[in-house]
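> requesting a structural model of the entry that follows:
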Amino acid sequence: MTADVRAIGSVKTRLVYEDTVVHAVDVIYDPVPENPAHSKIVVNPEFFGSNNKRRNVFKLLQLALAELAERNGWTLEPNE
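From the prediction side, this is the model:
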């Protein structure tokens, strides 16, 4: 549910020698021909910094989404 994803609130990037950057999590409507109800998850501001920093903060978002899925009874199979 869109409201549940938005309820994640934010994920944070810690920058060396700087403050923490908060990335707000949102869902926007993005229909595609095969799925008119399709939406996508976005963060604002977009993830930035080194590839390693982007991977780390993206992993935090993935974990939050996985916890949300489990609470709603979904089973997510790992990619192979």
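
> number of nearby residues for residue 42?
The number of residues packed near residue 42 is 13, by other Cβ atoms under 10 Å. All C-beta atoms are positioned from the backbone trio N, CA, C, and that covers glycine.

> just give the closest residue to it, not the sequence neighbours.
Nearest non-adjacent residue to residue 42, counting by Cβ to Cβ, 6 or more residues apart in numbering: residue 26, 5.4 Å away.

> please name every helix or strand in contact with the top helix by length along the chain.
Longest helix of the chain, by residue count under DSSP state H: helix 51-71. Helices and strands touching helix 51-71, by 3 or more Cβ pairs under 8 Å, 6 or more residues apart in numbering; DSSP states H and E, are helix 2-6, strand 10-14, strand 20-29, strand 39-44.

> which of these is buried the deepest?
Of all the helices and strands packed on helix 51-71, strand 10-14 has the most neighbours on average by mean count of other Cβ atoms under 10 Å, namely a mean of 16.

> model confidence for the closest residue to residue 72 other than its chain neighbours, exactly?
Distances taken as Cβ to Cβ, 6+ apart put residue 4 closest to residue 72, at 7.3 Å, once the chain neighbours are dropped. Residue 4 carries a pLDDT value of 77.
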